[in-house]
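1. kindly generate the corresponding structure for this input.
(chains A and B)
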Amino acid sequence: MAAARFIRARLIRAAEAPPIVGPAAIEVFARRHRLRPYEALPWLTALGAYVLFPGYLPLAAQTLATILFALSADLVLGYAGIVTLGQAAFFGTGAYTAGILAANDWGEPITGLFAAAVTAAVIGFLSGLLILRSSGLTLLMQTLVVAALLREAANKASAITGGDDGLQGMQVWPIFGHFEFGLFGRTGFFYCLAVLFLCWLIVRRLVHSPFGRSLTGIRENVARMHAIGAPVFWRRLTVYTISAGLAGISGALIAQTTSFVGLDSLGLERSGTVLIMLIIGGVGRLYGAFIGVPLYMIAQDRFSSIDPVYWYFWIGLLMVLLVTFARGGVLGLVDRFWPAGRRL
Amino acid sequence: MSSGPAALETRGLTKSFGALTVANMIDFRLEQGARHALIGPNGAGKTSFVNLVTGALSPSGGHILFGGADITTLPQAVRVKRGLVRTFQVTQLFRGLSLLENVTLAVCERRGIGGDLRRPAGDHREAIDEAYALLEKMGLAKEALRPVATLAYGRQRLTEVTVALGLAPKVLLLDEPAAGVPTGETGRIVEAIEALSPEIALLIIEHDMDLVFRLARRITVLVQGRVLVEGPPAKIAADPQVRRVYLGERAAR
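-> Have a look, this model is predicted:
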């Protein structure tokens, strides 16, 4: 009750507040990209998880790498409004690149990451060049096809990829020749955390740049973007390429920390799941990935231990409830109760 | 009466979709600093004409000249960069974004910084200042930080014009600037259009005759994709042909 009254009071105050005008308005607008205190939360949570749940570090590392994957998907889906069911194409490309290098006597992880990023970005650029001229359902199908083709290629090239059995025999060297990927996953955890942090810095900078704002414009109204003279196709291709590179890094992270790559890394299920994760957290928000991915992975872990056969049903039910009652995911709920927190 | 190149000119501009011809050999001249209106009954091809000129449609024949230079084959974005700007009949804005952001995006594209990946948008202070000054000029400063979707439609129409101004137009095509706006609020829009810099050549596509006769110093009447007649408002108002096709048979009598 008290909480509800507090929220109501806030809402009323926000609605009645006099408009900000003049230099103050410009100031508010120009400072939107400044770091806010709550942005430290994901990183504090990660460090807290390290202290509190030392037994779950391998799962935590997977979660961090998956957050990066979701972040890459959010760039294309949430910012540029490119609806894709093929994001796994780039995840898998990165995973196989790092995996094949490590299985063929080049297990140095950092160069492996770079190689994965570049390969995935090249695939993203080339496929984007072909498919980004279309939009809507056609584009959706084309993203699906790109991933399906790559998956089939990986399946056929079993001499290199291991095909259906997955890639065996990866030897990942210690990071900087010093920190070994051990059984308890401590190295893997900090490795993923550091890479995610660096990529987050890049993405954060990107979405607040004029380029990033123009992506939001493309999502909001393409006709208007054309009418103000923006090269829409090239903007979309650029973000598609960057996003592919980031997805490649996340695939490489999972390949290197688990020493295994399977065909599922290129599969439709992975592309679909990442969308569900984003919808749970909130699309186009930068932090949707940080909320949706852990929630999904925790829910999956809990549901599957309670109900090993039908756990997917419960995930589905959760989704239905979310899209019915909480459009905009968890962050959409936060907006409703704390409108001032939303960036204009 | 024409000295030097027209701000915008079309020669034999033609567009057909199969058997339907929406623009039929249109010869049209928009002088520098003009206040020109394009009128015509529904389906006359007014909006198609705008789409052809701005590059959203490509013509089947004829030429489009902008300041004397042939722009017939240039893509839409390049024409905008040169100063050929339009507004839409149905408001086309970024509805979820604030007014200031709507205008700033346009200003950034014009200044060529729209593709900047490295600096935060907030650091491009010149662009934001310029956008805010435009909003102030149009009387929209109080709403600068509000999302467009929360504004009354008349205010959204004004925002649409402000976004166009952010592109520093030399030629501005206003496609029914007062469409959908309650009668009581059109006055504000007319004032805003009257206050535009005389350097901008204006072409107003409009149904509202009061507005046309108040703003335009020259009128072109388009019927079935052809120019029926062109001239000063007094001549158009008196033209029996115009009265017949446009104002209805009874008015002609």
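
2. not counting sequence-adjacent ones, nearest residue to the residue of the stretch 151-300 of chain A at minimum distance from chain B?
-> Nearest to chain B, among the residues of the stretch 151-300 of chain A, is A:Gly229, at 3.2 Å (Cβ to the nearest Cβ). No exception for glycine: its C-beta is placed from N, CA and C like everyone else's. Excluding its sequence neighbours, the residue lying closest to A:Gly229 (Cβ to Cβ, 6 or more residues apart in numbering or on different chains) is B:Val80, at 3.2 Å.

3. could you give the number of residues near the one you found?
-> 25 (other Cβ atoms under 10 Å in any protein chain shown).

4. ok but it is inside a helix, no?
-> Yes - when DSSP: H, G, I helix; E, B strand; the rest coil is applied, B:Val80 is found to be in a helix.

5. about what we covered before: give me the phi and psi angles of the residue of the stretch 151-300 of chain A closest to chain B.
-> A:Gly229 has phi and psi values of phi 80, psi 20 when expressed as degrees, to the nearest 10.

6. which stretch of helix or strand covers B:Leu38?
-> With secondary structure defined by DSSP states H and E, B:Leu38 is part of strand B:35-39.

7. tell me where the stretch 51-200 of chain B has strands.
-> Under the criterion DSSP state E, counting those that start in this stretch, the stretch 51-200 of chain B contains strands at B:61-66, B:69-70, B:84-87, B:171-175.

8. out of those strands, which is closest to B:Lys15?
-> Across the strands of the stretch 51-200 of chain B, B:Lys15 has its closest neighbour in strand B:61-66 (8.0 Å, Cβ to Cβ).

9. which parts of chain A sit against chain B?
-> Residues of chain A lying close to chain B (Cβ under 8 Å from any Cβ of the partner chain) are A:19-22, A:25-26, A:28-34, A:205-206, A:208-214, A:216-217, A:220-221, A:223-224, A:226-231, A:234-235, A:238, A:344.

10. list buried residues within these.
-> A:20-21, A:25-26, A:28-30, A:32-33, A:205-206, A:208-214, A:216-217, A:220-221, A:224, A:226-231, A:235, A:238 (16 or more other Cβ atoms under 10 Å in any protein chain shown).

11. inside helices: which ones of these?
-> A:25-26, A:28-30, A:205-206, A:208, A:210-214, A:216-217, A:220, A:224, A:226-227, A:235, A:238 (DSSP state H).

12. distance check, the residue nearest to A:Gly229 against B:Pro169.
-> B:Val80 is 9 Å from B:Pro169, where distance means Cβ to Cβ, to the nearest Å.

13. A:Gly185 too?
-> From A:Gly185 to B:Pro169 the distance is 60 Å (Cβ to Cβ).

14. for chain B, which spans come out with low pLDDT?
-> Applying pLDDT under 70 to chain B flags residues B:1-3, B:246-253.

15. centroid residue for it?
-> With distances taken as Cα atoms, centre = their mean, chain B has B:Leu173 as the residue nearest its mean C-alpha position (1.8 Å).

16. which non-adjacent residue is nearest that residue?
-> B:Arg86 (4.1 Å).

17. what of B:Thr21?
-> B:Gly225 (5.2 Å).

18. residue contacts, that neighbour?
-> Contacts for B:Gly225 were tallied using Cβ atoms under 8 Å, 6 or more residues apart in numbering or on different chains; they are B:Lys15, B:Thr21, B:Val22, B:Ala23, B:Asn24, B:Ile26, B:Ala44, B:Gly45, B:Ser48.

19. please repeat the previous calculation with a cut-off of 10 Å.
-> Shown in contact with B:Gly225 (Cβ atoms under 10 Å, 6 or more residues apart in numbering or on different chains): B:13-16, B:20-26, B:40, B:43-46, B:48-49.
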